[in-house]
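A.B. asks: Coordinates for the following, if possible.
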Amino acid sequence: MHKYKLLIGSAMLAVVSVLLQIYKIAYPWGGIIDIDAVGIPWVMAAFLFGLTGGIITSVVSTIGIAIFATTGAVGAVMKFLATIIVVLAVSLVGWKFKFSRKGLALAFVTALILRPVLMTLFNYYLGIPLFFNIPTDVALQQFPPELFIIPNAILAVTDFWIAYVLVFSTKLRDRVNVLK
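C.D. replies: I've put the predicted structure just below:
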């Protein structure tokens with residue numbers, strides 16, 4: 001694959017992600033987390049371009065979200081931490097098995113388990129203290145774990161499978177011509 005195809009494709013997907021964040025097409029969950037489509041382009045980049053493309057898209061999007069979105073740097077970092085888990089699962093597990101059924105299943109299950117677990121911990125120890133200025137011990141008492149587990153599981157499912165459909169069920173995969 002030509003490096004310009006990787007860079008331009010990753011940059012275009014990053015712009016789409018930032019626009020999805022700015023125009024806030026989202027369903028609020030519990031007043032803290034939004035079920036949104038911001039991570040879908042990141043996972044698409046991982047499906048199309050592998051680890052390098054997924055990371056480029058994620059980092060560029062995070063910078064754009066930090067600059068332009070109302071959530072600022074903390075929201076951008078939390079989005080990065082949440083979605084990079086899915087990007088890594090797709091990039092490392094999916095590509096290793098060449099997106100066979102077994103590879104897709106393993107990548108999906110990895111993302112579905114790791115994202116809710118890690119993001120629950122990140123929210124208690126990083127997100128809530130930084131974003132709401134609430135100490136972790138108070139956050140543990142005020143916010144039930146399902147407030148973070150359920151939306152992160154939903155986002156792992158939607159980010160993974162919508163990206164999968166957009167990449168593998170359309171001609172996008174053939175047009176990019178990197179997975180052959």
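A.B. asks: So what sits opposite residue 36 in the bridge?
C.D. replies: Applying DSSP bridges to residue 36 yields these beta-bridge partners: residue 26.
A.B. asks: list the contacts for it?
C.D. replies: By Cβ atoms under 8 Å, 6 or more residues apart in numbering, the contact set of residue 36 is 20, 21, 24, 25, 26, 27, 155. Bear in mind the C-beta positions are built from the backbone N, C-alpha and C, glycine included.
A.B. asks: what about the strands in the chain?
C.D. replies: Under the criterion DSSP state E, the chain contains strands at 26-29, 33-36.
A.B. asks: List the buried residues of the last one.
C.D. replies: Looking back up the chat, that one is strand 33-36. Neighbour counts over strand 33-36 (16 or more other Cβ atoms under 10 Å) mark 33, 34, 36 as buried.
A.B. asks: ditto for the first one
C.D. replies: Across strand 26-29, burial judged by 16+ other Cβ under 10 Å covers residue 29.
A.B. asks: Identify the residues contacting that strand?
C.D. replies: The contact list for strand 26-29 (Cβ under 8 Å, 6+ apart) reads 34, 35, 36, 37, 147, 150, 151, 154.
A.B. asks: for the record, mean pLDDT for stretch 90-97?
C.D. replies: Averaging pLDDT along stretch 90-97 yields 88.
A.B. asks: what's the first-to-last distance across that stretch?
C.D. replies: For stretch 90-97, the first-to-last residue distance is 10 Å (Cα to Cα, to the nearest Å).
A.B. asks: roughly how far is it from the heart of the chain?
C.D. replies: Its chain's C-alpha centre and that of stretch 90-97 lie 16 Å apart, by Cα atoms, centre = their mean, to the nearest Å.
A.B. asks: go on, stretch 38-47?
C.D. replies: Relative to the centre of its chain, stretch 38-47 is centred 7 Å away, using Cα atoms, centre = their mean.
A.B. asks: Just the mean pLDDT for that stretch, thanks.
C.D. replies: Mean pLDDT, computed over stretch 38-47, is 96.
A.B. asks: how about the CA coordinates for it, as CSV?
C.D. replies: Extracted in CSV, the C-alpha atoms of stretch 38-47 (Å, rounded to 0.1, in the frame of the first residue of the first chain):
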residue,chain,number,x,y,z
VAL,A,38,-17.3,9.3,16.6
GLY,A,39,-15.4,6.1,16.9
ILE,A,40,-16.7,4.4,13.8
PRO,A,41,-14.2,6.1,11.4
TRP,A,42,-11.4,5.1,13.8
VAL,A,43,-12.4,1.5,13.5
MET,A,44,-12.9,1.8,9.8
ALA,A,45,-9.3,3.0,9.5
ALA,A,46,-8.2,0.0,11.5
PHE,A,47,-10.1,-2.3,9.2
